[in-house]
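Visitor: just to be clear, the model below is a prediction. Sequence and coordinates:
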Amino acid sequence: MLNLTIAMLRLLLILSFLFQDAPLAVTRPLPGETLRGLVEIQGRMDVPNFVSAEIAFTFDADASNPAANWFLIQTFPQPILDSELAAWDTTALTDGDYALRLRVNLPDGAVQDVLVTGLKVRNEVAIPTDTPIPTPTIMPDFNFQPLNETPEARMEPTATLVISRPTSTPLPPNPASLSTASILRMFWISALAAVVVFAFFALVLRIRRNN
């Protein structure tokens, strides 16, 4: 009976975690994203016992190294919720792979970190553009015929210029995408599981009170 109660508690915690946003997160840029120019960093830092926070960057290869040098972008004396945290000017950096770190300092000296790795700064690489299709120039056909030719002899078939342009092939549907019906079905299944868990705990409490 006790094992079943513990299993139900774990299920309830998992469901509550799925329907909550992390209190500390960087929502933009995303890991592996290509960056250029002025980049807007977005996120939140809704952490209890907040003292201060900072955003810094380093080379991606050094992100997991405790002795790595982190370069400060901005500090925060107050927590920020779901908003723009900082503007990161990548034009002063050499093209390469970098990592971002959002760190929150707590009263006891502990810290909470969020890392965004694999950020590709590419300011010196030109953005590929579509090459326009050249428009063919059709020159007028001037046929000078001798004056002694008859009208029937001057009538010649003319060639027709046919220009074929490449057609775009539609991309196949993404098999990993979720439809609206699938999302709604997952939501109602999770809600039903939560109701079952609460009903079970109510029944257990009622049995204990009767005993």
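Guide: Yep, it's here.
Visitor: in the protein, where is pLDDT below threshold?
Guide: Low-confidence segments of the chain (pLDDT under 70): 1-21, 127-179, 181-182, 211.
Visitor: any idea which helix is longest in it?
Guide: Taking DSSP state H as the criterion, the chain has its longest helix at helix 180-210.
Visitor: and that helix, what does it pack against?
Guide: Helix 180-210 makes packing contacts with helix 2-18 when contacts are defined by 3 or more CB pairs under 8 Å, 6 or more residues apart in numbering; DSSP states H and E. From N, CA and C alone the C-beta is placed, and that goes for glycine too.
Visitor: and after the helix it packs on, which helix or strand comes next?
Guide: strand 24-28 (DSSP states H and E).
Visitor: just the C-alphas of that next one, formatted as PDB.
Guide: C-alpha atoms of strand 24-28 as PDB (Å, rounded to 0.1, in the frame of the first residue of the first chain):
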ATOM      1  CA  LEU A  24      15.300  29.800 -14.400                       C
ATOM      2  CA  ALA A  25      15.600  29.600 -18.100                       C
ATOM      3  CA  VAL A  26      17.000  31.100 -21.300                       C
ATOM      4  CA  THR A  27      14.300  31.000 -24.000                       C
ATOM      5  CA  ARG A  28      16.300  32.800 -26.700                       C
END
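Visitor: elements contacting it?
Guide: Using 3+ CB pairs under 8 Å, 6+ apart: strand 24-28 touches strand 38-45, strand 96-105, strand 111-121.
Visitor: 10 Å - rerun?
Guide: strand 38-45, strand 83-89, strand 96-105, strand 111-121 (3 or more CB pairs under 10 Å, 6 or more residues apart in numbering; DSSP states H and E).
Visitor: give me the angle between it and strand 83-89.
Guide: Here strand 24-28 runs at an angle of 60 degrees relative to strand 83-89 (axes from the mean of the first three to the mean of the last three CA atoms, to 10 degrees).
Visitor: now strand 24-28: buried residues?
Guide: For strand 24-28, burial by neighbour count (16 or more other CB atoms under 10 Å) applies to 24, 26.
Visitor: quick one: residue 53 and residue 46 touch, right?
Guide: No. In terms of CB atoms under 10 Å, residue 53 does not count as a neighbour of residue 46; the distance is 11.0 Å.
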